[in-house]
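J.: coordinates only, no sequence provided:
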Ligand SMILES: [Zn+2]
């Protein structure tokens, strides 16, 4: 019965190894620390292939999706903020 005893020990060791690996994997997946490290705080998400438009009031470039739009005489103007839009409109 020596062979059978060895087999049981091998199975036990395998079970421990598998349990350990699953435990480590779960820790990495659910750990909030690991997630934070992968992000880059302070930098906005890059907008892939998005056009930049120039604010004619202050000269800043903004992605189209974030720009304030104003149509004047059939021409579209883009601004970084509502303030700039109002300034540009009142200025003429
Ligand atoms: Zn502006």
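T.: Received it, and whenever you're ready, just let me know what you need. Everything quoted here is computed from the prediction, not taken from an experiment.

J.: could you pull out the strands for this structure?
T.: If you assign secondary structure with DSSP state E, the strands in the chain sit at 52-54, 61-63, 68-72, 75-79.

J.: of all the ones you listed, which one comes closest to residue 90?
T.: Across the strands of the chain, the minimum distance to residue 90, taken as C-beta to C-beta, is reached by strand 68-72, at 11.6 Å. C-betas here are computed from N, CA, C, even on glycine.

J.: next, count neighbours for the nearest residue to residue 84 once chain neighbours are set aside.
T.: In space, residue 84 comes closest to residue 57 once its chain neighbours are excluded; the distance is 3.9 Å by C-beta to C-beta, 6 or more residues apart in numbering. Counted with other C-beta atoms under 10 Å, the burial measure for residue 57 works out to 18 neighbours.

J.: quick one on the thing from earlier: okay, the strands of the chain in CSV with mean neighbour count next?
T.: What follows is these, written out as CSV (neighbours: other C-beta atoms under 10 Å):
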stretch, mean neighbour count
strand 52-54, 15
strand 61-63, 14
strand 68-72, 13
strand 75-79, 16
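
J.: out of the ones you listed, nearest to the ion?
T.: Across the strands of the chain, the ion has its closest neighbour in strand 75-79 (5.4 Å, C-beta to the ion).

J.: just checking: what are the partner strands of that closest one?
T.: strand 68-72 (antiparallel) (DSSP bridges).

J.: is there proximity between the strand it pairs with and the ion?
T.: No. Applying C-beta under 5 Å from the ion, one finds that strand 68-72 is not in contact with the ion, the shortest distance being 8.7 Å.

J.: ok, back up a step: do you know how far the residue nearest to residue 84 is from the ion?
T.: 5 Å (C-beta to the ion, to the nearest Å).

J.: likewise for residue 91?
T.: As for residue 91, its distance to the ion is 12 Å (criterion: C-beta to the ion).

J.: contacting residues for the nearest residue to that residue once chain neighbours are set aside?
T.: The spatial neighbour of residue 91 that comes closest, neighbours along the chain excluded (C-beta to C-beta, 6+ apart), is residue 57 at 7.9 Å. Under the criterion of C-beta atoms under 8 Å, 6 or more residues apart in numbering, the neighbours of residue 57 are 79, 80, 84, 85, 87, 88, 91.
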